[in-house]
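got a predicted model here, sequence first, then my questions.
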Amino acid sequence: MNKELIYITYQTFPGNTANSIQTISTLKHMFRQDIKTTLIFPLRNKESSSEILDLKDHYSFSENIEVIGTIHPLPFKKISYFEKLAYLISHFAWSYFTVKKYSRKYNKQFFTRSEWVFYFLSNKNKDVIYECHQLSKLKKYLVNHALSKPNSRVIALTNFLKNELDHKYDKKIEIIGSSYDNDFFKRSNKKSKTFVYAGSLNRFGDSRGLNLLTNKLKSLSDKNLKFILISSKNENLNEFQNSFLKNNPSIELEIFYELNQKEVGHVLSNSSVGLLINNESKHSRYYSSPLKYFEYIASGLNVVATDLDSHRNLPFQNNILYYKYDDFVSFEKALDEALKLKPATDKDINIFSMENRVRKIIRLFTV
């Protein structure tokens, strides 16, 4: 291995969130491009594991990434009051002591998704890149302060995120959106008349808007359709399931929980339309670069999406049908029209593969 990258993150593993999946995919493809990778994260709940065999099995990879799980002495999600404050304190404390320890041990290049880790590493003038997925007042302060240091750079998922940071650091901020893992998502000619939604019903405690699907889909009732919901966590979907089947008895419904990437790829390759449903929160409108969108397109699906600025900023717009948020009439019309579109092609899709995304990240460390 010619180079070494230390990835410090406040995420925990294994998990089925899009963020944890993207992190492992990034490290896997880094390793393949001759970068020795070390993942450092907190063992903050009982499901956490730093055993490499557990991670290899969960995420279906074979690369020999070095994994270090650290202790997390502060309670995580065990305090029902002031949960956000407790998270902030835990994140701050873990980042401070972790950076203090490992910045001494490693004089290497660092990568992080934690604003606190970015802040503390930057203050030590370490060569560090922070991948920014959302912003708050506190995060803006920490990120702008860190960018004032000579060896700090930022990857912003969207141009909206970049525009919210101090413009005097524009040359140190690169826009690189999400990508799909080319190990698992490939186009297939075996397409059934199936709609699929991959994700959770809620985000940050707010509904994404999947309640539209529980209405009576009159224009689709006689088309021999199937709807698949792939939940990223073991949610209670009984109410959703009962309402959907009551109003749409002629549409088959199948629900999967916490599939791995290989299993998700198989489902998508046999489907025809992917649903990109979200609410109108600031995060959804401006900060989101949905991982699932690139997985849909790579699998040859057309997409029905909520009409949001972040979605309008995605590539391959010819394969997206939009509907107005919480507007059932436009939603049903978009579903109907998506079935008539020619299937998405794989032309130029490799530009948005994780393999190609990692190449862009590596170049940032060499400038």
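In hand now; what should we look at? Residues are numbered from 1 along each chain as shown.

I'd say A198 and Y293 touch.
No. Between A198 and Y293 there is no contact under C-beta atoms under 8 Å: 10.0 Å. For glycine as for every other residue, the C-beta is placed from the backbone atoms N, C-alpha and C.

report the set of residues contacting both of these two.
With contacts taken as C-beta atoms under 8 Å, 6 or more residues apart in numbering, the residues that reach both A198 and Y293 are G274.

distance from the chain centre to the helix or strand that A86 is a member of, please.
Assigned by DSSP states H and E, A86 falls within helix 83-105. Distance of helix 83-105 from its chain centroid, counting by C-alpha atoms, centre = their mean, to the nearest Å, is 23 Å.

what does the helix or strand following it rub up against?
Next in sequence after helix 83-105, counting helices and strands by DSSP H and E, comes strand 109-112. With contacts defined as C-beta under 8 Å, 6+ apart, strand 109-112 is touched by 3-9, 117-118, 121, 126-131, 361, 365.

confidence score at the residue of the chain most remote from its centre?
Largest separation from the mean C-alpha position in the chain: D222, at 34.9 Å (C-alpha atoms, centre = their mean). The model reports D222 with a pLDDT of 75.

counting neighbours, which of the contacts of strand 109-112 end up buried?
Buried residues within those, counting neighbours by 16 or more other C-beta atoms under 10 Å: 5-9, 117-118, 121, 126-131, 361, 365.

quick check, pLDDT for N16.
Turning to N16, the model gives it a pLDDT of 84.

from S178, how far off is the nearest residue to it once chain neighbours are set aside?
Nearest residue to N16, sequence neighbours excluded (C-beta to C-beta, 6 or more residues apart in numbering): E258, at 4.7 Å. Going from E258 to S178 by C-beta to C-beta, to the nearest Å gives 20 Å.

which of those two has more residues huddled nearby?
S178 (21 against 14; other C-beta atoms under 10 Å).

assumed that one was part of a helix.
No. With DSSP: H, G, I helix; E, B strand; the rest coil as the criterion, S178 is assigned coil and is not in a helix.

ramachandran coordinates for it?
The phi/psi pair for S178 (degrees, to the nearest 10) reads phi -70, psi 170.

does Y197 really touch F240, like I thought?
No. Using C-beta under 8 Å, Y197 makes no contact with F240, being 10.7 Å away.

rewinding a little: out of the buried ones among the contacts of strand 109-112, which sit inside strands?
Among the buried ones among the contacts of strand 109-112, DSSP state E puts L5, I6, Y7, I8, D127, V128, I129, Y130, E131 in strands.

switch these over to JSON lines; also include pLDDT and distance to Y59.
Below are those laid out as JSON lines (pLDDT from 0 to 100; distance: C-beta to C-beta, whole Å):
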{"residue": "L5", "pLDDT": "94", "distance to Y59": "18"}
{"residue": "I6", "pLDDT": "96", "distance to Y59": "19"}
{"residue": "Y7", "pLDDT": "97", "distance to Y59": "14"}
{"residue": "I8", "pLDDT": "97", "distance to Y59": "19"}
{"residue": "D127", "pLDDT": "95", "distance to Y59": "27"}
{"residue": "V128", "pLDDT": "97", "distance to Y59": "24"}
{"residue": "I129", "pLDDT": "97", "distance to Y59": "22"}
{"residue": "Y130", "pLDDT": "98", "distance to Y59": "23"}
{"residue": "E131", "pLDDT": "97", "distance to Y59": "18"}
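
let me have those in TSV, extended by distance to A146.
Formatted as TSV, these follow (distance: C-beta to C-beta, whole Å):
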residue	distance to A146
L5	18
I6	16
Y7	17
I8	14
D127	12
V128	8
I129	11
Y130	7
E131	13
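
for F240, see how far away N248 is.
Distance, N248 to F240, by C-beta to C-beta: 12 Å.

other residues contacting stretch 10-17?
With contact meaning C-beta under 8 Å, 6+ apart, stretch 10-17 is reached by 19-21, 23-24, 39, 41-45, 47-50, 54-55, 58-59, 91, 94-95, 113-114, 116-117, 232-233, 258-259.

run the last query once more with 6 Å
By C-beta atoms under 6 Å, 6 or more residues apart in numbering, the residues outside stretch 10-17 that reach it are S20, F41, R44, S48, L55, H58, H91, S114, S232, E258.

can you check stretch 335-349 too?
R187, S219, V273, I297, A298, G300, L301, N302, V304, N319, L321.

tell me where the model's unsure across the stretch 1-150 of the chain.
1-2, 75-82 (pLDDT under 70).

all helices of it, in order?
Here the stretch 1-150 of the chain has its helices, by DSSP state H, counting those that start in this stretch, at 18-32, 52-59, 83-105, 115-123, 137-147.

give me the buried positions along the shortest one.
Applying a neighbour-count criterion of 16+ other C-beta under 10 Å, the buried positions in helix 52-59 are L55, K56, H58, Y59.

tilt between it and helix 18-32?
Going by axes from the mean of the first three to the mean of the last three C-alpha atoms, to 10 degrees, helix 52-59 is angled at 120 degrees with respect to helix 18-32.

just the CA trace of helix 52-59, in PDB.
In PDB, the C-alpha atoms belonging to helix 52-59 read as follows (Å, rounded to 0.1, in the frame of the first residue of the first chain):
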ATOM      1  CA  ILE A  52     -13.800  -7.300  11.000                       C
ATOM      2  CA  LEU A  53     -15.500 -10.700  10.300                       C
ATOM      3  CA  ASP A  54     -18.800  -9.200  11.600                       C
ATOM      4  CA  LEU A  55     -18.400  -6.200   9.300                       C
ATOM      5  CA  LYS A  56     -17.400  -8.300   6.300                       C
ATOM      6  CA  ASP A  57     -20.400 -10.500   6.700                       C
ATOM      7  CA  HIS A  58     -22.900  -7.600   7.300                       C
ATOM      8  CA  TYR A  59     -21.600  -5.500   4.400                       C
END
